[in-house]
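Asks: this one's sequence-less:
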């Protein structure tokens, strides 16, 4: 059955827009955004533009692939048992919550976690699965399990807080914009003044969330964190938020430090990543 290309097109536009905004941010300010905010860019303009093309190319290719297969009948299908998927996601989230609370697994700003060897093996296995994608897939497939959906949503928020990483909020927000776009637009029409107010307050809300995250990561009181007034609305939205939702600055820094990265990776063997994955077994 052929599905509409509209949701996938919205995703394409959103992420191309994030890369475009990050590109112009670097060109205009001369500094990177996101993880490398306030870092001076050393790349010439031609390389900055080439990096922009590199950043958006994967999204365009994925959209073309989706459109192609969406317009052709499929010979093979994968049947997903919704109940089994829901139980697996529930187990996965609870497991990650427990190991994060006990051993700090996946917690931002924390050095390598330490856990008993027997448990570490299971952590290595189940940490390969991202519960965010499983949760979103379950939301799409399960139409009537509203109570169970809310339980999973609560657990996902709990995991995000424990890991001091609010990436799931952005991920879920983008999903909601795409999946519930009709309901959202109807709500905006009925509550337009409230929508305008939220747009005005959005930079402040984002700034407060970043301050809370920074306070939690540095284990200091929130009042000791740099006041959001020290960063203007442009810096909060285009520097911090969109910079984190785009890979542009990260890939630009890799281009800058190509020689250093090449030198550091010269000692890697073809089985480097396999060796690191097996460290819990052989020490």
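Replies: That came in fine, so what should we check first? None of the values given here were measured: they were computed from a predicted structure.
Asks: Could you check the pLDDT of residue 120?
Replies: For residue 120, the pLDDT comes out at 83.
Asks: What is the subsequent helix or strand relative to the helix or strand containing it?
Replies: In this assignment (DSSP states H and E), residue 120 forms part of helix 117-126. Next in sequence after helix 117-126, counting helices and strands by DSSP H and E, comes helix 131-141.
Asks: buried set for that following helix?
Replies: 131-132, 134-136, 138-139 (16 or more other Cβ atoms under 10 Å). Where C-beta positions appear, they are placed from N, C-alpha and C, glycine not excepted.
Asks: which among these gets closest to residue 71?
Replies: residue 136 (23.9 Å; Cβ to Cβ).
Asks: quick one on the thing from earlier: and the buried residues of helix 131-141, which two are furthest apart?
Replies: Going by Cβ to Cβ, the pair spanning those furthest: 131 and 139, at 12.2 Å.
Asks: so where do the helices sit in the stretch 101-250 of the chain?
Replies: 117-126, 131-141, 146-162, 167-179, 181-190, 192-217, 233-234, 242-244, 248-256 (DSSP state H, counting those that start in this stretch).
Asks: need these in TSV with distance to residue 20, can you?
Replies: Below are those laid out as TSV (distance: least, Cβ to Cβ, whole Å):
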stretch	distance to residue 20
helix 117-126	37
helix 131-141	25
helix 146-162	28
helix 167-179	16
helix 181-190	21
helix 192-217	20
helix 233-234	16
helix 242-244	10
helix 248-256	9
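Asks: so what pLDDT did the closest residue to residue 55 other than its chain neighbours get?
Replies: Spatially, and ignoring its direct neighbours in sequence, residue 55 is nearest to residue 19 (4.2 Å; Cβ to Cβ, 6 or more residues apart in numbering). As predicted, residue 19 sits at a pLDDT of 94.
Asks: give me the number of residues near residue 19?
Replies: Here the number of neighbours of residue 19 (other Cβ atoms under 10 Å) works out to 24.
Asks: Low-confidence stretches in the stretch 151-283 of the chain?
Replies: Scanning the stretch 151-283 of the chain for pLDDT under 70 picks out 203, 206-234, 280-283.
Asks: redo that, cut-off 80
Replies: 164-171, 173-174, 176-182, 184, 195, 198-241, 276-283 (pLDDT under 80).
Asks: rewinding a little: please identify which of the helices of the stretch 101-250 of the chain is closest to residue 42.
Replies: helix 248-256 (5.4 Å).
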